[in-house]
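Peer 1: Predicted model, plus sequence, below.
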Amino acid sequence: MGIDPGSRITGYGIIDIEGPRSQHVASGCIQTASDRPLPERLKAIYEGVAGVIQQYQPAEVAAEQVFMHRNPDSALKLGQARGAALCAVVMAGLPVSEYAARAIKQAVVGSGAADKAQVQRMVALLLNLSELPPSDAADALAVAICHGHTRQTLNRLGAIALLPRRRRR
């Protein structure tokens, strides 16, 4: 499961990975009422993520790391929203991995400077979706794809490390 946290919209994306293939399971957005006080929105994020976890039972979760906004108030709200989402994950006993936005874009699009539209198009292409997912859901799916690629690479490297080394003559 991938999470793209936000104080107004938190995206989630769930994929199944088998070998080199990734398959879309579910994705969507947890929307909070922007006219509600922040603590109520944080509660809605926590409950929304907990509900998605309960419904789909993911094995692990990945989230985008906090990045600095130009506006410190926005950065604080994003950090709090991220904290609410991650609390739901940890309370469910799931392992969490975190990735920088540039690393996610690099893994999915091939460029750490990709824009949101490029991420949407590549996510739809990689998961064979008939239409573009909403931006926040696409970002969450990109986090999940990035995590899947990273895990597979680390698993392969671990397997290589276990192979006996040939003797040099």
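Peer 2: Structure's in. What do you need? Worth saying up front: this structure is predicted, and the values here are computed from it rather than measured. Numbering: from 1, shown residues only.
Peer 1: When you work out contacts or count neighbours from here on, use the C-alpha atoms and nothing else.
Peer 2: OK.
Peer 1: Distance of residue 25 relative to residue 75?
Peer 2: According to Cα to Cα, to the nearest Å, residue 25 stands 30 Å off from residue 75.
Peer 1: of these two, who's got more company?
Peer 2: Each of residue 25 and residue 75 has its neighbours counted (other Cα atoms under 10 Å); residue 75 has more, 17 against 12.
Peer 1: element containing that one?
Peer 2: Using DSSP states H and E, the element containing residue 75 is helix 72-91.
Peer 1: likewise residue 58?
Peer 2: Counting by DSSP H and E, residue 58 is part of no helix or strand.
Peer 1: I'd say it and residue 2 touch.
Peer 2: No - with contact defined as Cα atoms under 8 Å, residue 58 and residue 2 do not form a contacting pair (9.7 Å).
Peer 1: what sits in contact with each of these two?
Peer 2: Both residue 58 and residue 2 are in contact with residue 14, where contact means Cα atoms under 8 Å, 6 or more residues apart in numbering.
Peer 1: Neighbour count for the two, which is higher?
Peer 2: The neighbour comparison of residue 58 against residue 2 (other Cα under 10 Å) goes to residue 2, with 31 against 16.
Peer 1: Quick check: the gap between the more buried one and residue 10.
Peer 2: 10 Å.
Peer 1: Is residue 34 in a helix, a strand, or coil?
Peer 2: Three-state assignment for residue 34 (DSSP: H, G, I helix; E, B strand; the rest coil): coil.
Peer 1: so who does residue 157 touch?
Peer 2: Counting by Cα under 8 Å, 6+ apart, there are no residues that residue 157 touches.
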